[in-house]
Each structure stands twice: as structure tokens, then as C-alpha cells.
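[1] no sequence on hand, only this structure:
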């Protein structure tokens, strides 16, 4: 993501660079907290008050942001916030509820992406240069939200996708995997920084964006033709 901003500046597209920065800050301070609050809300609804007791049932970004995860978002467009702690023993339906709590975060980002695409489609329908610049904010905001959803669904600890593995793996195998959470996460960071995951993650994000944007843009197309 940082490379895209630098490229825009070098090309003289200062307005586009500023819009990209604004979209990143919007995602960091609004969408990422929404993601974590969705985890907390789902956990509390399903019987575990741990997130509420730890002050995570809030949209206050200061309760959720993680330094490294935020830097990753700024640099490569994929990142994460501070994981919400959940006690699986308090959940009503055990592993099924644990998976539902994990899914709540990525689903919230996809929902936000849909809303942003819907709003942005009305600006995109205009041929005004100013309206097109505003649309760029919505475009980047939706795409980064989808990046977050796709990234967090990777089935590697401590990402949300690894929590969903509780529905597939035997309990002993799952907890054996979680013992290596730090090592696996470091390896994931290295792969991302070296660029090995850029193409597959970007491909998936673009594919999801096209689908969401197509459906969300239908009302604007019906109005403006």
C-alpha cells in the first residue's frame, strides 16, 4: 500500500495519494475497531463476557489497535488489530460458537465493504472529476476492508481462520498447532515481507471486490443507467 502511495506522489497525483492515505486511516481507526468489536459482541452474545470485562466491547480504536498490525496495513495493505481474547469454555456451544466468534470479524469487514461500495457507486456514476476523486476514497476503503477479511481468513494462528479450524481438526491436534502460534506468525510475516503472498492475496481480494462491488452498484446503475 505504501508503494502505491509513493507511486502516486512520483506521478504527480498528489490528490490520489492523499485519498489513499485517508482511506487507510479510515480503515485503521474505524473499520479495524469495528472488526474487533464484532468479535467481542459475538462472544458476549454467545456466553463469554471476557471481551466485555477487558474493555473490548467498544469502537474506541485505542482499545483495539496493534502497532505491528497497523504498520503492516500501512506498508502492504494487509494487517490486523489486537486479538480479542475469548474463553471457549464459557461459550454456549463450545467449538461451534468459537468459530462463529472468529467469523464475525471478517464478515464485518465484508459488510463494511458492501456498504462502502454501495455509497461509492453513486459517486462513480457521475462524470465529474471531483466526484471521481471522492469515489477513489470509497474504492480504496472497500478494497482494504476486503484485504483485511481475506488476510484474516488464512487458517494460520493467530488469524481468525485458525479459530475456524476448531470445527475441522480434533481438539488435541488444534491445541498442538496453537503451541507454535508465534513461530507460524513470524514465518507468515517473512513470507509477506518477501512478497510471496502478494499475488495470491491480491488475486483473492480483487475477485471478492468485483463480486461485492457488482451487487452493491446495482441500485446506482438502475437510477443512473
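    Cool, got the structure. No experiment lies behind these values; they were computed from the predicted model shown.
[2] where's residue 207 relative to residue 9, distance?
    From residue 207 across to residue 9, the span is 29 Å (C-beta to C-beta, to the nearest Å). In this view, the C-beta of every residue, glycine as well, is placed from N, C-alpha and C.
[3] ditto for residue 97
    Going from residue 97 to residue 9 by C-beta to C-beta gives 47 Å.
[4] settle it for me: which of those two has more neighbours?
    For residue 97 versus residue 9, neighbours defined as other C-beta atoms under 10 Å are more numerous around residue 97 (21 against 14).
[5] find the nearest non-adjacent residue to that one, please.
    residue 91 (3.8 Å; C-beta to C-beta, 6 or more residues apart in numbering).
[6] tell me how many other residues crowd the one you found.
    Neighbours of residue 91 under the rule other C-beta under 10 Å: 22.
[7] likewise for residue 105?
    28.
[8] state the helix or strand in which it lies.
    helix 95-124 (DSSP states H and E).
[9] following that helix, which helix or strand comes up?
    Next along from helix 95-124, by DSSP H and E: helix 129-152.
[10] beyond that following helix, next helix or strand please.
    Counting by DSSP H and E, what follows helix 129-152 is helix 160-164.
[11] centroid-nearest residue for the protein?
    Taking C-alpha atoms, centre = their mean, the centroid of the chain lies closest to residue 148, which sits 2.3 Å from it.
[12] now that residue: how far from residue 34?
    Residue 148 is 10 Å from residue 34, by C-beta to C-beta.
[13] hey, what's in contact with both of these two?
    Common contact partners of residue 148 and residue 34 (C-beta atoms under 8 Å, 6 or more residues apart in numbering): residue 109.
[14] next, the buried residues of stretch 108-127.
    For stretch 108-127, burial by neighbour count (16 or more other C-beta atoms under 10 Å) applies to 108-110, 112-124.
[15] for these, which one is nearest residue 202?
    Each of those was scored against residue 202 by C-beta to C-beta, and residue 113 proved nearest at 15.2 Å.
[16] which residues touch that closest one?
    Contacts of residue 113 (C-beta under 8 Å, 6+ apart): 142-143, 145-146, 149, 209, 212.
[17] leaving out the residues flanking it, which one is nearest to residue 54?
    That would be residue 85: by C-beta to C-beta, 6+ apart, it lies 6.3 Å from residue 54.
[18] that neighbour: neighbour count?
    14.
[19] pretty sure it contacts residue 51?
    Yes: taking contacts as C-beta atoms under 8 Å, residue 85 lies within contact range of residue 51: 6.9 Å.
[20] now the nearest residue to residue 78 once chain neighbours are set aside: how far from residue 8?
    In space, and not counting its chain neighbours, residue 78 is closest to residue 151: 4.3 Å by C-beta to C-beta, 6+ apart. Applying C-beta to C-beta, the value for residue 151 to residue 8 is 23 Å.
[21] what's the local residue count around the nearest residue to residue 164 once chain neighbours are set aside?
    Counting by C-beta to C-beta, 6+ apart, residue 164 lies nearest to residue 99, which is 4.8 Å off, once chain neighbours are set aside. Residues lying near residue 99 (other C-beta under 10 Å) number 19.
[22] same thing with residue 84?
    Around residue 84 sit 27 other residues, with neighbours defined as other C-beta under 10 Å.
[23] that one contacts residue 39, doesn't it?
    Yes: the pair residue 84 / residue 39 is scored as a contact, 4.1 Å apart, by C-beta under 8 Å.
[24] shared neighbours of these two, which are they?
    With C-beta under 8 Å, 6+ apart as the test, residue 84 and residue 39 both reach 51, 56, 101.
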